[in-house]
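Enquirer: Provided below for reference: sequence and predicted model.
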Number of protein chains: 2
Amino acid sequence: MGPHRNGDQVAARWQWARERLGHQFESGELLERALTHRSAGGEHNERLEFLGDSVLNFVVAARVHDRYRDAPEGDLSRFRTALVKGETLAEIAQELCLAEHLIVGPGELRSRGGASPNMLADSLEALLGAVYLDAGLDAAEQCVHRLLHGRLEALPEASSLKDAKSRLQEWLQGRGLALPRYSVETETRSPHDPQFVVVCRVAQRELEVSGQGSSRRGAEQEAAKRMLAALTDE
Amino acid sequence: MGPHRNGDQVAARWQWARERLGHQFESGELLERALTHRSAGGEHNERLEFLGDSVLNFVVAARVHDRYRDAPEGDLSRFRTALVKGETLAEIAQELCLAEHLIVGPGELRSRGGASPNMLADSLEALLGAVYLDAGLDAAEQCVHRLLHGRLEALPEASSLKDAKSRLQEWLQGRGLALPRYSVETETRSPHDPQFVVVCRVAQRELEVSGQGSSRRGAEQEAAKRMLAALTDE
């Protein structure tokens, strides 16, 4: 893998960004960094991810605020979450074939069996941070709109975006029952593969179910979903 | 309280925004809405708060990213949180005497004994959202810099901003002990005064302490802080 091959890869990434992301980078260095996972060593994309996350949040917040003029704050918040959550970003990254252009340390992909959804979502955020630094907010905004336009047009009713915890709470309150209790039973905090197990209890029905996820929030949602299923199955 | 008095109040708010917030509003209507709590009925400031929150997050993220060029992502994140958290915003709102200009429903302040820190922080975010809609991102950015400049200059070392849960985790890991467990014991979700109690357990030391707060996160941090105190006191 000499400098020639490397130069080809750099050119391929630049072309990919122009064609798929819709941004022609002035600074090839920024683009390279945005695609560099920390496992590759040297300068990686985590600072850009921090920046890109806030760019994305702002652009999407402004967009849903403008588009849904009568929606209450809670609905705006649900719309935004649906658009910027890791799952959505990972899907978009997959559609863009982003994984092909990631710069990852040797062994990293082999041990995981490919780029993880988290890695893809983080890199997409880093790319947006890089576009912002490369050409300003308007350019980043254009990328966001390009990437999210279809999903923005296809957003479902806000009520269907209510998370499982909220739905469970409403179900219980509607029946005069006490709120559920959540507790984290196990939590493994390795930087690469965090795993949470959360137990959800509804004392008055003597029910206890657990949920797993790569974040506590995710594990709670899973537990709430199962609890709802158990309650409505009764 | 006739229209004359009301007109005086509108003028006073406009002057206050110009002098204290540093923005001369084109749209008096936006300013009024930003200062209107939902208890006042009619159009209130929650949508603007949603927008302002994302403006603030973005402006501060860009600022700390630019200022701390060698800081890892985790430090940038801590700096940002220190600057945009509710406590900080409520302090700033107090320095600006924002409470004097809030439009609140009758009885709301009496029953609480004044504007709550949450109400102040939310209104400050709403004001930033209103400035953004009134005059664009640059104007909102100028307000943010004006409001946060002193605190940005005075940011402590990132390590001292580590939250109590992280410090507790590090303390335990450094001693080969298992991670603590957190569980929400009680949770009152009234829209006005949520109250959470979280219990933190360190099984190997047979310790159990609880923390309270207006969010689960806050209650967990409080519990972690007390647990650390209990452990280091042993």
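Expert: Here it is on my side, so go on.

Enquirer: hey, where'd the strands end up in chain A?
Expert: A:181-188, A:195-202, A:207-213 (DSSP state E).

Enquirer: could you identify which of the ones you listed is most buried?
Expert: Most buried of the strands of chain A, by mean neighbour count (mean count of other CB atoms under 10 Å in any protein chain shown): strand A:195-202, with a mean of 20. No exception for glycine: its C-beta is placed from N, CA and C like everyone else's.

Enquirer: tilt between that strand and strand A:181-188?
Expert: Here strand A:195-202 runs at 160 degrees with respect to strand A:181-188, directions being taken by axes from the mean of the first three to the mean of the last three CA atoms, to 10 degrees.

Enquirer: just checking, which helix or strand of chain A averages the lowest pLDDT?
Expert: Taking mean pLDDT, DSSP states H and E as the measure, helix A:108-112 is the helix or strand of chain A with the lowest mean score, a mean of 70.

Enquirer: and for residue A:52, the neighbour number?
Expert: For residue A:52, the neighbour count with other CB atoms under 10 Å in any protein chain shown is 28.

Enquirer: what of residue A:169?
Expert: Counted with other CB under 10 Å, residues neighbouring residue A:169 total 18.

Enquirer: measure it to residue B:98 for me?
Expert: From residue A:169 across to residue B:98, the span is 32 Å (CB to CB, to the nearest Å).

Enquirer: distance of the closest residue to residue A:16 other than its chain neighbours relative to chain B?
Expert: Counting by CB to CB, 6 or more residues apart in numbering or on different chains, residue A:16 lies nearest to residue A:101, which is 5.4 Å off, once chain neighbours are set aside. Distance, residue A:101 to chain B, using CB to the nearest CB, to the nearest Å: 21 Å.

Enquirer: pretty sure residue A:101 is touching residue A:35, no?
Expert: Yes: with contact defined as CB atoms under 8 Å, residue A:101 and residue A:35 form a contacting pair (5.5 Å).

Enquirer: could you pull out the residues contacting both of the two?
Expert: Counting by CB atoms under 8 Å, 6 or more residues apart in numbering or on different chains, the shared contacts of residue A:101 and residue A:35 are residue A:13.

Enquirer: who's more crowded, these two?
Expert: Neighbour tally, residue A:101 and residue A:35, criterion other CB under 10 Å: the higher count belongs to residue A:35, 24 against 21.

Enquirer: the more buried one and residue A:48 touch, don't they?
Expert: No: using CB under 8 Å, residue A:35 is not in contact with residue A:48; the gap is 9.7 Å.

Enquirer: can you work out which residues contact both of those two?
Expert: Common contact partners of residue A:35 and residue A:48 (CB under 8 Å, 6+ apart): A:126-127.

Enquirer: give me the number of residues near residue A:100?
Expert: Here the number of neighbours of residue A:100 (other CB under 10 Å) works out to 10.

Enquirer: since we're on the closest residue to it other than its chain neighbours, how many residues are nearby?
Expert: The shortest distance from residue A:100 to any residue other than its chain neighbours is 7.8 Å, reached at residue A:16 (CB to CB, 6+ apart). Residue A:16: 17 surrounding residues under other CB under 10 Å.

Enquirer: contacting residues around residue A:16?
Expert: Neighbouring residues of residue A:16 by CB under 8 Å, 6+ apart: A:96-97, A:100-101.

Enquirer: nearest to residue B:105, of these?
Expert: residue A:96 (48.9 Å; CB to CB).

Enquirer: helices or strands next to whichever helix in chain A runs longest in the packing?
Expert: Determined from DSSP state H, the single longest helix within chain A is helix A:46-67. Here helix A:46-67 touches helix A:28-34, helix A:73-84, helix A:117-135, helix A:137-153, helix B:46-67, helix B:73-84, going by 3 or more CB pairs under 8 Å, 6 or more residues apart in numbering or on different chains; DSSP states H and E.

Enquirer: ok, now which ones touch the residue lying closest to residue A:208 once chain neighbours are set aside?
Expert: Closest residue to residue A:208 apart from its sequence neighbours, by CB to CB, 6+ apart: residue A:201 at 4.9 Å. Neighbouring residues of residue A:201 by CB under 8 Å, 6+ apart: A:180-183, A:207-208.

Enquirer: any stretches of chain A with poor pLDDT?
Expert: Applying pLDDT under 70 to chain A picks out residues A:1-5, A:110-112, A:188-193, A:234.

Enquirer: again, 80 this time
Expert: Along chain A, segments meeting pLDDT under 80 span A:1-6, A:107-113, A:159, A:186-194, A:233-234.

Enquirer: interface residues of it facing chain B?
Expert: Listed as neighbours of chain B in chain A under the rule CB under 8 Å from any CB of the partner chain: A:46-47, A:49-51, A:53-55, A:57-58, A:61-62, A:65, A:71-73, A:76-77, A:132, A:137, A:169, A:179, A:181-185, A:187, A:189.

Enquirer: just the buried residues of those residues.
Expert: In terms of neighbour count (16 or more other CB atoms under 10 Å in any protein chain shown), the buried residues within those are A:46-47, A:49-51, A:53-55, A:57-58, A:61-62, A:65, A:71, A:73, A:76-77, A:132, A:169, A:179, A:181-184, A:187.

Enquirer: TSV please, covering the helices and strands packed on helix A:46-67 and showing distance to residue B:108.
Expert: Compiled in TSV, the helices and strands packed on helix A:46-67 are given as follows (distance: least, CB to CB, whole Å):
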stretch	distance to residue B:108
helix A:28-34	47
helix A:73-84	18
helix A:117-135	39
helix A:137-153	36
helix B:46-67	15
helix B:73-84	25
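
Enquirer: out of the ones you listed, nearest to residue A:22?
Expert: Short answer: helix A:137-153, nearest of the helices and strands packed on helix A:46-67 by CB to CB, at 4.6 Å.

Enquirer: find the nearest non-adjacent residue to the residue nearest the centre of chain A, please.
Expert: With distances taken as CA atoms, centre = their mean, residue A:86 lies nearest the centre of chain A, 1.2 Å away. The shortest distance from residue A:86 to any non-neighbouring residue, by CB to CB, 6+ apart, is to residue A:121 (4.2 Å).
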